[in-house]
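Undergrad: let me see the structure of the following:
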Amino acid sequence: MSDAAGRDAIDGFEIGRLLARLAHAVDDRDVERYRACFTDRLSTTAERSENGAAPPPVAAADHARDAVRRAAALDWTHHNLSNVDIVVTRGTAEAIADVVIMMQWTPPGEAPERLTIGGRYSLGLVRCQDGWRIARRHRSTRFAIGDPSLPERALAASNAG
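TA: Residues are numbered from 1 along each chain as shown. Sure thing, here's the model as predicted:
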């Protein structure tokens, strides 16, 4: 194996570990560990606007606090990443990964409700001094099983309580 092929294999392994840490951190409600997966500023969208424009980058610390706050409003979440495809070019990388996000929320006095969202992440990564970090993340949704308003209803109830 050439040195370049060996480095690509190591980079791919490290990026795969980063993606696993990202999923574990949000499911564990660990703001600091989740934040550490990103560069200081992050371009992120769940879905692009109708005109195709992405919103401006946000501070990773703000993004992490918001993402974990939203997850914490639910009883539980589980992010499952698969089919990861990574292309490394020197100190940057592009990756796509399929994602299935399962979640549950129990409205006060009611039965638990579940939602499963399936889609794909498109990621832009950079190699930093302490490892790979995500600089851009876009999620496209392919399917939803359950009520797509469940996370927002749980967050509204959490904020009201």
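Undergrad: so, low pLDDT: which residues of this protein?
TA: 1-2, 5, 46-52, 54 (pLDDT under 70).
Undergrad: quick check: longest helix of it.
TA: Looking across the chain with DSSP state H, the single longest helix is helix 3-27.
Undergrad: who does the helix or strand just after that one touch, helix- and strand-wise?
TA: Moving toward the C-terminus from helix 3-27, the next helix or strand (DSSP states H and E) is helix 31-35. Contacts defined by 3 or more C-beta pairs under 8 Å, 6 or more residues apart in numbering; DSSP states H and E place helix 31-35 against helix 3-27, helix 60-72. C-beta coordinates here come from the backbone N, C-alpha and C atoms, glycine included.
Undergrad: make a markdown table out of these and add distance to residue 123.
TA: Converted to a markdown table, these look like this (distance: least, C-beta to C-beta, whole Å):
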| stretch | distance to residue 123 |
| --- | --- |
| helix 3-27 | 8 |
| helix 60-72 | 14 |
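Undergrad: any chance of those in JSON lines, with distance to residue 80 and mean neighbour count too?
TA: Output for those, formatted as JSON lines (distance: least, C-beta to C-beta, whole Å; neighbours: other C-beta atoms under 10 Å):
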{"stretch": "helix 3-27", "distance to residue 80": "7", "mean neighbour count": "16"}
{"stretch": "helix 60-72", "distance to residue 80": "15", "mean neighbour count": "17"}
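Undergrad: between those, which one is closest to residue 119.
TA: helix 3-27 (13.5 Å; C-beta to C-beta).
Undergrad: returning to what we had before: what's the longest helix of the chain in contact with?
TA: 1, 30, 33-34, 36-37, 67-68, 71, 76-81, 84, 86, 88, 93, 95, 97, 123, 125, 127, 131-134 (C-beta atoms under 8 Å, 6 or more residues apart in numbering).
Undergrad: report the angle between the axes of that helix and helix 60-72?
TA: 50 degrees (axes from the mean of the first three to the mean of the last three C-alpha atoms, to 10 degrees).
Undergrad: return the distance of helix 3-27 from the chain's centre.
TA: Taking the mean of its C-alpha atoms, helix 3-27 sits 14 Å from the chain's own mean (C-alpha atoms, centre = their mean, to the nearest Å).
Undergrad: next: stretch 133-144.
TA: With C-alpha atoms, centre = their mean, you get 7 Å for stretch 133-144.
Undergrad: neighbours around residue 103, how many?
TA: A count of neighbours around residue 103, defined by other C-beta atoms under 10 Å, yields 23.
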